[in-house]
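S.K.: Sequence and predicted structure below; questions after.
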Amino acid sequence: MKGLPTRAGGSAVERAGLSRGLVLLLAVASGAAVGNLYYAQPLLDVIARDLHVGQGTAGLLVTATQVGYAVGIMFIVPLGDVHNRRRLAPTMMVLSAVSLAACAVAPGIVILLLALVALGLTTVAGQILIPFAGDLADDASRGRVVGTVLSGALTGILAARVVSGLIADVLGWRAVFVIAAVLMLLLGAVLARAIPPDIPRATQPYGALLRSILVLVRREPTLQVVLLYGAISFGTFTLFWTGLTFLLSGPPYDYPTWAIGLFGLAGLVGALAAQGSGRLHDRGWSNRATGLSWLLAIVAWAICDVGRFSVAWLLVGIILLDIATQSQRILNQAQVFDISPQARSRVNTAYITGNFVGGAVGSIVASILWASGGWTAVSTVGAASSAAALALWLVAAARARAVPASRNHSRSLNKKGASP
């Protein structure tokens, strides 16, 4: 890659000018940024008591953060294609630090809600850095690099819930946001110095930039299929973790909140194990690996259903389901980044927006299913959704095989001078 340092030997990533240290920094920064969205989730009861509001009102805190994040994904992340991301990502992390500080000092629920909307809006640095990593990597190592950075983001999602509860138990809930703000400032300063210069890939006006996202979705069949994969994958992910809270908080488990949060560590094992799926993409096995991941998800859901009787089986199911889910996300994003090198931030916007829609549906459906059929209903719908995605994969794979075959047949007829 021009303008970046190279050296003889080393991995393909290092020869492209993207060192292992920089990849690790991008992964940590992405995880810390995305983690901002999830600090409040385990703290709802504590915040409700401290601010003298009901649990229903406190539940709006999660909604406020997600709404802000959705707006940021749609209207800020596309700027990565037309602005210098070396400046854009650290700037968003500084603004996130300001929003986190506002959360820490919020005197009441209204100010806290507004601060969390601002936090969601500004905490999109991770979704700016992931396509940036894809641009910095060469073709031979892009899947591995994206897999590593995305694994950092996924780790941040799972770890934030655990870390938040532990800090709040010792120092109080406001300390969680203070520590997160300091972390954002430190990482923003390091990123500003460490990441290489960035050259914008497009010069479109802002309105045209946003409209081009819809054009990409309409024009690219691969993006359409992967959007469906992503929506189903993140929808079942949210379905599982929402339903799991209901399962573990009631009989036969009756676990306290802090113990439920520790189950995120099992998911963390799965997320780390899935990191290698990026290498499968680099070797040209992305499509087959996607199909196998959906098959693994179906098996994992079956094991999780048995987990209503046994915590050991439940832990096995969590690990397998997270391996499947996180592998899908890595493979999905590696595939969409191959669609258009000039528009990676915009295809990422489309993909993450689809994820957000799926996650919102999964969260709503989980509560309905739990009320009507308990954990078995949650597991059944999760497995059925994964089976539907596997069926979609089979259809897409069959069409991909049919297209080259039909083209070859057409060429053969033309060579013989046959008429259609």
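M.R.: Happy to help now that I have it.
S.K.: helices or strands next to the helix or strand that contains A189 in the packing?
M.R.: Using DSSP states H and E, A189 sits within helix 173-194. Applying 3 or more Cβ pairs under 8 Å, 6 or more residues apart in numbering; DSSP states H and E, we find helix 173-194 packed against helix 20-35, helix 44-51, helix 85-105, helix 142-171. From N, CA and C alone the C-beta is placed, and that goes for glycine too.
S.K.: In JSON lines: the ones you listed, plus mean neighbour count.
M.R.: Converted to JSON lines, the helices and strands packed on helix 173-194 look like this (neighbours: other Cβ atoms under 10 Å):
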{"stretch": "helix 20-35", "mean neighbour count": "22"}
{"stretch": "helix 44-51", "mean neighbour count": "16"}
{"stretch": "helix 85-105", "mean neighbour count": "22"}
{"stretch": "helix 142-171", "mean neighbour count": "23"}
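S.K.: Low-confidence regions, the stretch 251-400 of the chain specifically.
M.R.: 257 (pLDDT under 70).
S.K.: thinking G120 is in contact with V67, fair?
M.R.: Yes - between G120 and V67 there is a contact under Cβ atoms under 8 Å: 6.5 Å.
S.K.: Looking at those two, which one has more neighbours?
M.R.: Neighbours per residue (other Cβ atoms under 10 Å) separate G120 from V67, with G120 holding more: 25 against 17.
S.K.: The closest residue to that one other than its chain neighbours is in what secondary structure piece?
M.R.: Nearest residue to G120, sequence neighbours excluded (Cβ to Cβ, 6 or more residues apart in numbering): G68, at 2.6 Å. Here G68, judged by DSSP H and E, is contained in helix 55-75.
S.K.: Next: S277.
M.R.: Using DSSP H and E, S277 falls within helix 277-282.
S.K.: Just the CA atoms of the helix or strand following that helix, as CSV, please.
M.R.: Moving toward the C-terminus from helix 277-282, the next helix or strand (DSSP H and E) is helix 286-306. Extracted in CSV, the C-alpha atoms of helix 286-306 (Å, rounded to 0.1, in the frame of the first residue of the first chain):
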residue,chain,number,x,y,z
SER,A,286,-16.3,-17.9,3.1
ASN,A,287,-19.4,-19.3,1.5
ARG,A,288,-19.0,-22.8,2.8
ALA,A,289,-18.1,-21.5,6.2
THR,A,290,-21.3,-19.4,6.3
GLY,A,291,-23.4,-22.5,5.7
LEU,A,292,-21.6,-24.5,8.4
SER,A,293,-22.0,-21.6,10.8
TRP,A,294,-25.8,-21.7,10.3
LEU,A,295,-25.8,-25.5,10.8
LEU,A,296,-23.8,-25.0,14.0
ALA,A,297,-26.3,-22.4,15.2
ILE,A,298,-29.2,-24.9,14.8
VAL,A,299,-27.3,-27.5,16.9
ALA,A,300,-26.4,-24.9,19.5
TRP,A,301,-30.0,-23.9,19.9
ALA,A,302,-31.0,-27.5,20.5
ILE,A,303,-28.3,-27.8,23.2
CYS,A,304,-29.4,-24.5,24.8
ASP,A,305,-33.0,-25.8,25.0
VAL,A,306,-31.7,-28.7,27.2
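S.K.: Determine the set of other helices and strands touching helix 286-306.
M.R.: Helix 286-306 sits against helix 221-249, helix 277-282, helix 311-337, helix 344-416, with contacts defined as 3+ Cβ pairs under 8 Å, 6+ apart.
S.K.: Tell me which of those helices sits nearest to L268.
M.R.: helix 311-337 (7.9 Å; Cβ to Cβ).
S.K.: orientation of that closest one relative to helix 221-249 in degrees?
M.R.: Helix 311-337 runs at 160 degrees relative to helix 221-249, counting by axes from the mean of the first three to the mean of the last three Cα atoms, to 10 degrees.
S.K.: tell me the angle helix 311-337 makes with helix 142-171.
M.R.: 130 degrees.
S.K.: Please name the nearest non-neighbouring residue to the spatially most central residue of the chain.
M.R.: A centroid search over the chain (Cα atoms, centre = their mean) returns L154, at 5.8 Å, as the residue closest to the centre. With sequence-adjacent residues excluded and distances taken as Cβ to Cβ, 6+ apart, L154 is closest to A271, at 4.5 Å.
S.K.: chain center to the strand or helix carrying that neighbour, what's the gap?
M.R.: Here A271, judged by DSSP H and E, is contained in helix 264-273. Distance of helix 264-273 from its chain centroid, counting by Cα atoms, centre = their mean, to the nearest Å, is 14 Å.
S.K.: Please spell out which residues along that helix are buried.
M.R.: Using 16 or more other Cβ atoms under 10 Å as the test for burial, helix 264-273 gives G264, A266, G267, L268, G270, A271, L272, A273.
S.K.: contact partners of that helix?
M.R.: The contact list for helix 264-273 (Cβ atoms under 8 Å, 6 or more residues apart in numbering) reads 151, 154-155, 158-159, 161-162, 241, 315, 318-323, 325-326.
S.K.: Next, count neighbours for I318.
M.R.: Around I318 there are 25 residues (other Cβ under 10 Å).
S.K.: What of the one 5 residues further on?
M.R.: For I323, the tally of surrounding residues (other Cβ under 10 Å) stands at 24.
S.K.: State the distance from the residue lying closest to it once chain neighbours are set aside to L18.
M.R.: Among residues not flanking I323 along the chain, G270 sits closest, at 4.5 Å (Cβ to Cβ, 6+ apart). Going from G270 to L18 by Cβ to Cβ, to the nearest Å gives 26 Å.
S.K.: which ones are touching G59?
M.R.: Counting by Cβ under 8 Å, 6+ apart, G59 has contacts L44.
S.K.: what angle do the helix holding A271 and helix 221-249 make?
M.R.: Using the same axes, to 10 degrees, helix 264-273 lies at 150 degrees relative to helix 221-249.
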